[in-house]
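Visitor: Here you go, sequence then predicted model.
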2 protein chains.
Amino acid sequence: MSDNQKWSILQGDALKVLGTFAPNTFDAVITDPPYASGGRTQAEKNKSTARKYSSMGENAPPPFDGDAKDQRSWTRWAAEWLYEARKVCKSGAPVCMFIDWRQLPAATDALQWAGWIWRGTTVWDKGNSRPQKGRFRQQAEYIVWGSNGDMPISRPVPCLPGVFKYGNPQSRIHLTEKPLQLMRDIVKITEPSGHILDPFAGSGTTVLAAVQEGYTATGIEVTDTYAELARERIRAELEKAA
Amino acid sequence: MSDNQKWSILQGDALKVLGTFAPNTFDAVITDPPYASGGRTQAEKNKSTARKYSSMGENAPPPFDGDAKDQRSWTRWAAEWLYEARKVCKSGAPVCMFIDWRQLPAATDALQWAGWIWRGTTVWDKGNSRPQKGRFRQQAEYIVWGSNGDMPISRPVPCLPGVFKYGNPQSRIHLTEKPLQLMRDIVKITEPSGHILDPFAGSGTTVLAAVQEGYTATGIEVTDTYAELARERIRAELEKAA
DNA sequence: AGACCAAGTGAATCTGTGA
DNA sequence: TTCACAGATTCACTTGGTC
């Protein structure tokens, strides 16, 4: 681990890397998996993520892996990694998983298949999504959360809000990068100084937010470009603060 | 219909009354069905709705019917009335259905089983729910919405927001009464001067909001106490405005 | 003021299959 | 071989609040 063992980003496939941890290692799982909900047809989903999610053209961030699954296989796959993640978590550990409206039902299924107790759904209000004539704006993403078995009310964790309103970050490394402050709010579901796991680290926002809030964090990222970008970003941000 | 045929509240079981309308009667379905999600165990669900939803004691509103169903049968029942409602709607008609976080996946299933196209999920941020130590606040309800077949972009309906923030009304007739302004925002998904159907009218907020926004509205309510309370309320409010 | 937005629609084009 | 048609794919365009 870098920086006094406070954080690390491991490069590799989430399912494989999860198998290498010992049980009872983590105090929370907080992650933003690939949604695989870009299109209604298989063909649409097979499109490159760069073209699917953005219209930035030449300057678009590199595409990311793991986003080409149909809904059924996505659910099975999610249940799989959620199960592996739960196995390396302590009892009572919370889990938070970002998801969009289209995959929300599949996400709650997967969470429960994997043995987590589903305890709620929290809303990230993005505020500034694209409007559509004659329709409701698709302006929220969701955080499905739960716990590994019972979650005693006595945990030293305060009350947390149920709706978070933050605009999308201006300049992003990753196509789906979340606002840092949002992640700093979310990680607070973890017990103080706990060890947080993010199996889909992307640009490392969760890991960075966790460290900034006094937690230890381990991220996993398949795409080596992103793994390295995330490490650089976190290093730079933490040095800036020091 | 009362008030120049602008609105009516029919007393009866939603499924039965829905069967009495002719096809192509309605331009939208906007409703807040019983959620049946008050407890995790069957026993908890069998509790009286008055005790489940409120701690107002003696002054609590009367209990309402249709809220003691387990999740599987709730889904089948919802698919049933959603199907019947769709059959009496015009092609392209939108549907909006309030639901809480726990039943959201079941609601999206039921909507699609009934042949509606699921087009999105919208958020009602209640703002003021009860905080819970060590957990995220459960402060949102959801509006699952869709359409009866294609929904051309050319409908004369503007862009609509995707998150609505309104506090719960202070004094309520019905236990689950929605803020009037919220309903006035939601009904705007309907084509101007369209005919809106609410199979679970409750205290009549949807019908009132619809009429105030220039639509025609038909409500159905099982509990005759509520049917009459709703009629009185709507009459009084419309007279007040006139 | 201008860009942005884990879109979505619908027309037009392309591809492949079978009569 | 050619035509018709269905499905897949591309592409332009919409819209408005917010940063």
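Guide: Received it, and whenever you're ready, just let me know what you need.
Visitor: Just give the number of residues close to A:Glu237.
Guide: For A:Glu237, the tally of surrounding residues (other Cβ atoms under 10 Å in any protein chain shown) stands at 16. The C-beta positions use only the backbone N, C-alpha and C, and glycine is treated the same way.
Visitor: Kindly confirm my reading that it forms part of a helix.
Guide: Yes - counting by DSSP: H, G, I helix; E, B strand; the rest coil, A:Glu237 is located in a helix.
Visitor: Quick one: neighbours of the closest residue to it other than its chain neighbours, just the number.
Guide: Sequence neighbours aside, A:Leu208 is the residue nearest to A:Glu237 in space, at 5.7 Å (criterion: Cβ to Cβ, 6 or more residues apart in numbering or on different chains). Neighbourhood size, A:Leu208 [other Cβ under 10 Å]: 25.
Visitor: A:Leu208 and A:Ala217, how far apart?
Guide: Look at A:Leu208 and A:Ala217: by Cβ to Cβ, to the nearest Å, they are 8 Å apart.
Visitor: Repeat that for A:Glu191.
Guide: 14 Å.
Visitor: What segments of chain A are helices?
Guide: For chain A, applying DSSP state H gives helices covering A:14-18, A:42-46, A:49-53, A:71-87, A:104-113, A:180-186, A:205-212, A:224-241.
Visitor: possible to save those helices as TSV with distance to DNA strand D and mean pLDDT?
Guide: Output for the helices of chain A, formatted as TSV (distance: least, Cβ to the nearest atom of the strand, whole Å; pLDDT from 0 to 100):
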stretch	distance to DNA strand D	mean pLDDT
helix A:14-18	27	98
helix A:42-46	2	42
helix A:49-53	8	52
helix A:71-87	15	94
helix A:104-113	21	96
helix A:180-186	12	95
helix A:205-212	17	97
helix A:224-241	19	94
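Visitor: Let me know which of these is tucked in deepest.
Guide: Highest mean neighbour count among those (mean count of other Cβ atoms under 10 Å in any protein chain shown): helix A:205-212, with a mean of 26.
Visitor: And DNA strand C, is that helix touching that?
Guide: No - Helix A:205-212 stays clear of DNA strand C (Cβ under 7 Å from any atom of the strand), getting no nearer than 11.1 Å.
Visitor: Show me the contact partners of that helix.
Guide: Helix A:205-212 is contacted from outside by A:3, A:6-7, A:9, A:30-32, A:174, A:177-180, A:183-184, A:186-187, A:190, A:196, A:198, A:201, A:216-219, A:230, A:233-234, A:237-238, A:241, using Cβ atoms under 8 Å, 6 or more residues apart in numbering or on different chains.
Visitor: Give me the distance between that helix and the centre of its chain.
Guide: With Cα atoms, centre = their mean, to the nearest Å as the basis, helix A:205-212 stands 11 Å off its chain's centre.
Visitor: how many degrees apart are that helix and helix A:224-241 in direction?
Guide: 30 degrees (axes from the mean of the first three to the mean of the last three Cα atoms, to 10 degrees).
Visitor: contacting residues around A:Val123?
Guide: Neighbours of A:Val123 in contact, by Cβ under 8 Å, 6+ apart: A:Ala140, A:Glu141, A:Tyr142, A:Ile143, A:Gly162, A:Val163, A:Phe164, B:Val123, B:Asp125, B:Ala140, B:Val163.
Visitor: Who are the contact partners of the last one?
Guide: When contacts are counted by Cβ under 8 Å, 6+ apart, B:Val163 is found next to A:Val123, A:Asp125, A:Gly127, A:Arg137, A:Gln139, A:Ala140, A:Val163, B:Thr122, B:Val123, B:Asp125.
Visitor: And the pLDDT at the residue lying farthest from the centre of chain A?
Guide: For chain A, the largest distance from the centre (Cα atoms, centre = their mean) belongs to A:Gly134, which lies 31.5 Å off. You'll see A:Gly134 listed with a pLDDT of 92.
Visitor: That one reaches B:Trp145, doesn't it?
Guide: No - using Cβ atoms under 8 Å, A:Gly134 is not in contact with B:Trp145, being 11.6 Å away.
Visitor: and the residue lying closest to A:Thr216 once chain neighbours are set aside, how many neighbours?
Guide: With Cβ to Cβ, 6+ apart as the criterion, A:Thr216 has its nearest non-adjacent residue at 4.5 Å, and that residue is A:His195. Neighbour count of A:His195, defined by other Cβ under 10 Å: 19.
Visitor: Can you name the residue of chain A nearest DNA strand C?
Guide: Closest residue of chain A to DNA strand C, Cβ to the nearest atom of the strand: A:Thr176 (2.6 Å).
Visitor: I'd like to know how many residues surround that residue.
Guide: For A:Thr176, the count of nearby residues is 22 (other Cβ under 10 Å).
Visitor: can you name the two of the contacts of B:Val163 that are farthest apart?
Guide: Largest separation among the contacts of B:Val163 by Cβ to Cβ: A:Arg137 and A:Val163, giving 15.5 Å.
Visitor: picking that back up, what do A:Gly134 and B:Trp145 both touch?
Guide: Counting by Cβ under 8 Å, 6+ apart, the residues touching both A:Gly134 and B:Trp145 are B:Ile189.
Visitor: was I right about A:Pro169 contacting A:Thr176?
Guide: No - if you go by Cβ under 8 Å, A:Pro169 and A:Thr176 don't touch, sitting 10.4 Å apart.
Visitor: follow-up on the earlier one: redo the contacts of A:Val123 as JSON lines? Include pLDDT and distance to B:Arg86.
Guide: Listed next are the contacts of A:Val123 as JSON lines, based on pLDDT from 0 to 100; distance: Cβ to Cβ, whole Å:
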{"residue": "A:Ala140", "pLDDT": "94", "distance to B:Arg86": "26"}
{"residue": "A:Glu141", "pLDDT": "95", "distance to B:Arg86": "29"}
{"residue": "A:Tyr142", "pLDDT": "96", "distance to B:Arg86": "26"}
{"residue": "A:Ile143", "pLDDT": "97", "distance to B:Arg86": "32"}
{"residue": "A:Gly162", "pLDDT": "94", "distance to B:Arg86": "32"}
{"residue": "A:Val163", "pLDDT": "94", "distance to B:Arg86": "31"}
{"residue": "A:Phe164", "pLDDT": "95", "distance to B:Arg86": "35"}
{"residue": "B:Val123", "pLDDT": "96", "distance to B:Arg86": "24"}
{"residue": "B:Asp125", "pLDDT": "94", "distance to B:Arg86": "29"}
{"residue": "B:Ala140", "pLDDT": "95", "distance to B:Arg86": "26"}
{"residue": "B:Val163", "pLDDT": "94", "distance to B:Arg86": "26"}
